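Enquirer: Give me the fold of what follows.
(chains A, B, C and D)
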There are 2 protein chains.
Amino acid sequence: MNQEAAAQAGAPRRRAGRPRSVVLDRDLIARAALKLVVAGGYSTLTMSSVAKSLGVSPSALYNHVESKQELMQWIQEIVMDGVDSSVFETLPLDEALAEWAVTYRDIFAGHAPLIPLIAVLPVSGSPRTQEMYEKVAAGFTRAGWKQAEIVPAIVALESFIFGSALDATAPLDIFDAGENAGKMPSFESALEAQRATGRNSADTAFMTGLRAIIAGLMDQAEIT
Amino acid sequence: MNQEAAAQAGAPRRRAGRPRSVVLDRDLIARAALKLVVAGGYSTLTMSSVAKSLGVSPSALYNHVESKQELMQWIQEIVMDGVDSSVFETLPLDEALAEWAVTYRDIFAGHAPLIPLIAVLPVSGSPRTQEMYEKVAAGFTRAGWKQAEIVPAIVALESFIFGSALDATAPLDIFDAGENAGKMPSFESALEAQRATGRNSADTAFMTGLRAIIAGLMDQAEIT
DNA sequence: TCTAGTAAATGAATGCCATTCATTTAAAAA
DNA sequence: TTTTTAAATGAATGGCATTCATTTACTAGA
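Expert: Model prediction:
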């Protein structure tokens, strides 16, 4: 977690022109939006719904936020704040990566619509994300990794995490053959065997892949 | 590739009521939509634009397609048809996985908006996808993998592929520190070292991660 | 204390979108 | 020839993000 960066953009000078209800600011808007998302999912997040939840007209929001896309970035920052990157200071790299990845994926599984956004957005807009990268990179450096190999390793892990977060939102019966039952014998029998283990498919896949990618990266790394 | 499944849903009986211009059908609509996407990206894909490109009114489309979402699934099927899964019949599993993953990711990098859709959609709606899974699963089976470990391995790989496809669409300067230059020394120096190699960051990360996850999976597998 | 300036709110547009529906058309079946 | 019916039309509908002219009331300066 990370709270110290809360009062980021200078004190919000009181200058309202309609004191009824609230004086809006970035933080209020972002938190109201996140609340709506948590309560009803991203499909319920509209500029109108945010405005309503703040007792304000939709157009009022635009005095504080450029666009809905920017609002989504604000939400992303708050969500990203929930990812624990402190483990890199206490655990060996491979264990730290595993813990970090698990919380990262768990948190974004609840915020899948943010993922296509994050994957493409400049990190300069998100100080929390930057702090996270710094801690992760420091972990790699401390473990003696060659500088040029650090960023690719982080990006690869993040890609796996984002992909897995998307996958975590899939319905359980996503692989059911439907019409074509019997036409994919190998896959269907593999699926049946997996199901017989009683384990959640998405979680098992994530842990399997995570162990594999971490082990593989550690193996390939040229430690200086 | 795979063309044989083209005439999927029975012959399109001629029954038109407005022969001017075209008689619509699933294939025509899907291809027109894909053409628009290739030409101008997903932001240009609207029901109106598809209708216009077919010389037809928007409402006409709804005699053939349930929703825009369904149209996107049709596009996804065509795109998926470009993924080459035949390698599993000729190459050892690890090499086949690598080739398959590379084409899979390359193709979907150009269709990022489909990814959140696919990740969540029942495969029963997409025979091409089912065929792909069958071939991949058969590859694992042939290599002697324990049944229950096959699906998790496939899902993990696919998660990595989708995440990497999203990442491939990111701008090159996505990691630039901006305002906070100097506040993330470890990360910035790692980034600089990566850049000095002259290699594309997304591609390097993908190949690094891919080798790692494949090697890691092979290592963990209990071969019967 | 008065006045001017201004950030912030309002609500009425605007324009784009997917989607629906009553109606019409013309090909196929009888 | 008549009937049936899939497929097309174009005019709604409703939801959405976003813009804008206007108003409000706090703050700063005289």
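Enquirer: packing partners for the one helix or strand A:Ala60 maps to?
Expert: Taking DSSP states H and E as the definition, A:Ala60 sits inside helix A:58-61. For helix A:58-61, the elements it packs on are helix A:47-53, judged by 3 or more Cβ pairs under 8 Å, 6 or more residues apart in numbering or on different chains; DSSP states H and E. Heads up, the C-betas are built off the backbone N, CA and C, glycines and all.
Enquirer: buried sites along the host helix or strand of A:Thr208?
Expert: Assigned by DSSP H and E, A:Thr208 belongs to helix A:201-220. By 16 or more other Cβ atoms under 10 Å in any protein chain shown, the buried positions in helix A:201-220 come out as A:201-218.
Enquirer: How about stretch A:169-181?
Expert: So for stretch A:169-181, counting by 16+ other Cβ under 10 Å, buried means A:169-170, A:174-175, A:177, A:180.
Enquirer: Kindly check the end-to-end length of it for me.
Expert: 24 Å (Cα to Cα, to the nearest Å).
Enquirer: May I have stretch A:144-162 as CSV, with CA atoms only?
Expert: C-alpha atoms of stretch A:144-162 as CSV (Å, rounded to 0.1, in the frame of the first residue of the first chain):
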residue,chain,number,x,y,z
GLY,A,144,22.4,-9.1,-9.7
TRP,A,145,20.6,-9.0,-13.0
LYS,A,146,22.2,-7.6,-16.1
GLN,A,147,20.6,-4.2,-16.6
ALA,A,148,19.4,-4.8,-20.1
GLU,A,149,17.5,-7.8,-19.1
ILE,A,150,15.5,-6.3,-16.3
VAL,A,151,12.8,-4.4,-18.3
PRO,A,152,12.0,-7.3,-20.6
ALA,A,153,11.5,-9.5,-17.6
ILE,A,154,9.2,-7.0,-15.9
VAL,A,155,7.2,-6.5,-19.1
ALA,A,156,6.9,-10.2,-19.7
LEU,A,157,5.6,-10.8,-16.2
GLU,A,158,3.2,-7.9,-16.4
SER,A,159,1.9,-9.2,-19.7
PHE,A,160,1.2,-12.6,-18.1
ILE,A,161,-0.4,-10.9,-15.1
PHE,A,162,-2.7,-8.8,-17.2
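Enquirer: Could you check that stretch against chain B for contacts?
Expert: Yes - with Cβ under 8 Å from any Cβ of the partner chain as the measure, stretch A:144-162 is seen reaching chain B through A:146-162.
Enquirer: and the direction of the helix holding A:Thr208 versus that of helix B:201-220, what angle?
Expert: 100 degrees (axes from the mean of the first three to the mean of the last three Cα atoms, to 10 degrees).
Enquirer: So which other helices or strands are in contact with helix A:201-220?
Expert: Here helix A:201-220 touches helix A:93-109, helix A:147-168, helix A:185-196, helix B:147-168, helix B:201-220, going by 3+ Cβ pairs under 8 Å, 6+ apart.
Enquirer: Quick one: work out the angle between it and helix A:147-168.
Expert: Using the same axes, to 10 degrees: helix A:201-220 against helix A:147-168 is 170 degrees.
Enquirer: Kindly calculate the angle that helix A:201-220 makes with helix A:185-196.
Expert: 100 degrees.
Enquirer: and helix A:201-220, what's its mean pLDDT?
Expert: On average, the pLDDT along helix A:201-220 is 98.
Enquirer: Equivalent analysis for stretch A:120-128, please.
Expert: pLDDT averaged over stretch A:120-128 gives 94.
Enquirer: Where does the prediction get shaky in chain A?
Expert: Low-confidence segments of chain A (pLDDT under 70): A:1-23.
Enquirer: which residue lies farthest from the center of chain A?
Expert: A:Gly182 (37.5 Å; Cα atoms, centre = their mean).
Enquirer: Skipping adjacent residues, who's closest to that residue in space?
Expert: Residue nearest to A:Gly182 in three dimensions, not counting chain neighbours: A:Glu188, with 7.5 Å by Cβ to Cβ, 6 or more residues apart in numbering or on different chains.
Enquirer: How many residues are close by A:Ala148?
Expert: Neighbour count of A:Ala148, defined by other Cβ atoms under 10 Å in any protein chain shown: 18.
Enquirer: and the closest residue to it other than its chain neighbours, how many neighbours?
Expert: Spatial nearest neighbour of A:Ala148, chain neighbours left out: B:Ala193 (4.2 Å); criterion: Cβ to Cβ, 6+ apart. Residues near B:Ala193, counting by other Cβ under 10 Å, number 15.
Enquirer: Quote the end-to-end distance of stretch A:119-126.
Expert: First residue to last in stretch A:119-126 (Cα to Cα) measures 13 Å.
Enquirer: How about residues contacting it?
Expert: A:73, A:76-77, A:80, A:129-130, A:133, A:162, B:163, B:166-167, B:169-171, B:173-180 (Cβ atoms under 8 Å, 6 or more residues apart in numbering or on different chains).
Enquirer: Can you tell me which of these end up in helices?
Expert: A:73, A:76-77, A:80, A:129-130, A:133, A:162, B:163, B:166-167 (DSSP state H).
Enquirer: Return the closest of those residues with respect to DNA strand D.
Expert: Taking Cβ to the nearest atom of the strand as the measure, DNA strand D lies nearest A:Gln73 of those, at 11.9 Å.
Enquirer: who's in contact with the residue lying closest to A:Phe162 once chain neighbours are set aside?
Expert: Nearest residue to A:Phe162, sequence neighbours excluded (Cβ to Cβ, 6+ apart): B:Gly163, at 4.3 Å. By Cβ under 8 Å, 6+ apart, the contact set of B:Gly163 is A:119, A:158-164, A:166.
Enquirer: can you put those in a markdown table and add distance to DNA strand C?
Expert: A markdown table is the format used below for the contacts of B:Gly163 (distance: Cβ to the nearest atom of the strand, whole Å):
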| residue | distance to DNA strand C |
| --- | --- |
| A:Ala119 | 23 |
| A:Glu158 | 31 |
| A:Ser159 | 29 |
| A:Phe160 | 32 |
| A:Ile161 | 31 |
| A:Phe162 | 26 |
| A:Gly163 | 26 |
| A:Ser164 | 28 |
| A:Leu166 | 21 |
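Enquirer: These: which ones sit near DNA strand D?
Expert: Here nothing survives when the contacts of B:Gly163 are matched to DNA strand D using Cβ under 7 Å from any atom of the strand.
Enquirer: In JSON lines: those residues, plus distance to B:Phe140.
Expert: Below are the contacts of B:Gly163 laid out as JSON lines (distance: Cβ to Cβ, whole Å):
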{"residue": "A:Ala119", "distance to B:Phe140": "28"}
{"residue": "A:Glu158", "distance to B:Phe140": "26"}
{"residue": "A:Ser159", "distance to B:Phe140": "22"}
{"residue": "A:Phe160", "distance to B:Phe140": "19"}
{"residue": "A:Ile161", "distance to B:Phe140": "24"}
{"residue": "A:Phe162", "distance to B:Phe140": "24"}
{"residue": "A:Gly163", "distance to B:Phe140": "19"}
{"residue": "A:Ser164", "distance to B:Phe140": "19"}
{"residue": "A:Leu166", "distance to B:Phe140": "22"}
